[in-house]
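Peer 1: sequence and computational prediction follow.
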Protein chains: 2
Amino acid sequence: MTPPADLEPLQVKESPEEKFREFLEIRGEKLTEPRRVLVNHIFNSHKHFDADELVADLREAGRRVSRSTVYRSLRLMVEAGLLRELRLTNRTAYEHNYGYPSHDHMHCSECGAIVEFRNDEIRRIRDVIAQQFGFRAENHKFVITGQCPDCLKARSRRRKLDQI
Amino acid sequence: MTPPADLEPLQVKESPEEKFREFLEIRGEKLTEPRRVLVNHIFNSHKHFDADELVADLREAGRRVSRSTVYRSLRLMVEAGLLRELRLTNRTAYEHNYGYPSHDHMHCSECGAIVEFRNDEIRRIRDVIAQQFGFRAENHKFVITGQCPDCLKARSRRRKLDQI
DNA sequence: ACTATAATCGAGAATCGTTCTCGATTCGTT
DNA sequence: AACGAATCGAGAACGATTCTCGATTATAGT
């Protein structure tokens, strides 16, 4: 299933690695080998992942990076605006924030699938509400929970079997 | 600050305790003394709280309920539809779901304040989007993060001081 | 009331994701 | 090559939550 046209990666001037290096330099920190491995691996494919999956993924690819460094680097990449956190379960999931249009999520309560969607009205409503309350809106999270099409199909299949 | 009129508690036929007992009975479980203490204490005031605050609160009121029982009961009350979970920080916060109109939240990233608001458009958008993707929408969470009016005021005060 | 049986309780151990500590290593610069 | 600062990895520590298990309590049947 290809993503909808409005959720294609955006054209960006700098690569994630360049952007990360820049962020680190400003703070007097360094883009080391493990950090370069991480940022490139993460932006090599567009998907949601958590710290454990990342460690396992890297290990499979033959790149050892310690858990400590993975957690530390993820935090940095969030601060750098490269990644965004999603707290849907007890584990924190991450997704690309740099070079990717802003969007929200649907979360299947049965299989855990995460589906992205784009809707500009939400942003508008958010700003109207914030203004009403004198808030300065910085960000928002909109997550629709329910059952994805696959799990709904599986359910109705089960119901039919039960009737026999 | 009184809550907006559209966020007043709703009139409900059954008390939370009755509703809890009913839920438990269906599952062949019992409304015990600790559970009765908890459900009544929780619905005695309308506010957000987490497990630790609840334990401390009860202790102050002279009612000892063990941490285990508090966690177990909170889970049950969520399943019973009495409470709703909010995962804004590392601690899970809870709020009334029974006898209270559905609403969403603004969360101040500076002081942690949680402000409720009601907006019917969100629900409508949610259902339209879910339908587009073949999802069955069961629930949603919409959280606006930013700075609350008080923290904005404190900020501009600080900026003025800096200028002197 | 009394007893039997299953559910529940409390205390503390265990779990699990994440963060911290610290001696060893690497980076960039002289 | 040598230095100081930043970073690394391994494992300890942490904090919220869940689990374990012997003691306690609720409810139905006598």
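Peer 2: Happy to help now that I have it. Numbering: from 1, shown residues only, chains lettered A, B, ... in the order given.
Peer 1: check the offset of stretch A:157-164 from the chain's centre.
Peer 2: When distances are taken as C-alpha atoms, centre = their mean, to the nearest Å, stretch A:157-164 is centred 37 Å away from the chain's centroid.
Peer 1: and chain A, which of its residues are near DNA strand D?
Peer 2: Residues of chain A found near DNA strand D (C-beta under 7 Å from any atom of the strand) are A:24, A:28-30, A:32-35, A:64-69, A:72-73. Quick note: C-beta positions are derived from backbone N, CA and C, even for glycine.
Peer 1: quick check: closest non-adjacent residue to residue A:69.
Peer 2: Once flanking residues are discounted, residue A:69 sits nearest to residue A:34: 5.0 Å by C-beta to C-beta, 6 or more residues apart in numbering or on different chains.
Peer 1: sorry, that was for residue A:17
Peer 2: Nearest non-adjacent residue to residue A:17 (C-beta to C-beta, 6+ apart): residue A:39, at 5.3 Å.
Peer 1: and the helix or strand containing that neighbour, what's buried?
Peer 2: Using DSSP states H and E, residue A:39 sits in helix A:33-44. Within helix A:33-44, the residues scored as buried using 16 or more other C-beta atoms under 10 Å in any protein chain shown are A:34-35, A:37-39, A:41-43.
Peer 1: any part of the following helix or strand past that helix near DNA strand C?
Peer 2: Next along the chain after helix A:33-44, taking DSSP H and E as the criterion, comes strand A:49-50. Yes. Against DNA strand C, strand A:49-50 shows contacts by C-beta under 7 Å from any atom of the strand at residue A:50.
Peer 1: who does strand A:49-50 touch, helix- and strand-wise?
Peer 2: On a contact count with 3 or more C-beta pairs under 8 Å, 6 or more residues apart in numbering or on different chains; DSSP states H and E, strand A:49-50 meets strand A:93-96.
Peer 1: off-centre distance for the strand it packs on?
Peer 2: 2 Å.
Peer 1: who does that strand pair up with?
Peer 2: strand A:49-50 (antiparallel), strand A:83-86 (antiparallel) (DSSP bridges).
Peer 1: just checking, what packs against whichever helix or strand comes after it?
Peer 2: For strand A:93-96, the following helix or strand on the C-terminal side (DSSP H and E) is strand A:104-108. Applying 3+ C-beta pairs under 8 Å, 6+ apart, one finds that strand A:104-108 contacts strand A:114-117, strand A:136-147, helix B:120-133.
Peer 1: for those, please prepare a markdown table with the additional fields distance to residue B:111.
Peer 2: Below are the helices and strands packed on strand A:104-108 laid out as a markdown table (distance: least, C-beta to C-beta, whole Å):
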| stretch | distance to residue B:111 |
| --- | --- |
| strand A:114-117 | 30 |
| strand A:136-147 | 13 |
| helix B:120-133 | 25 |
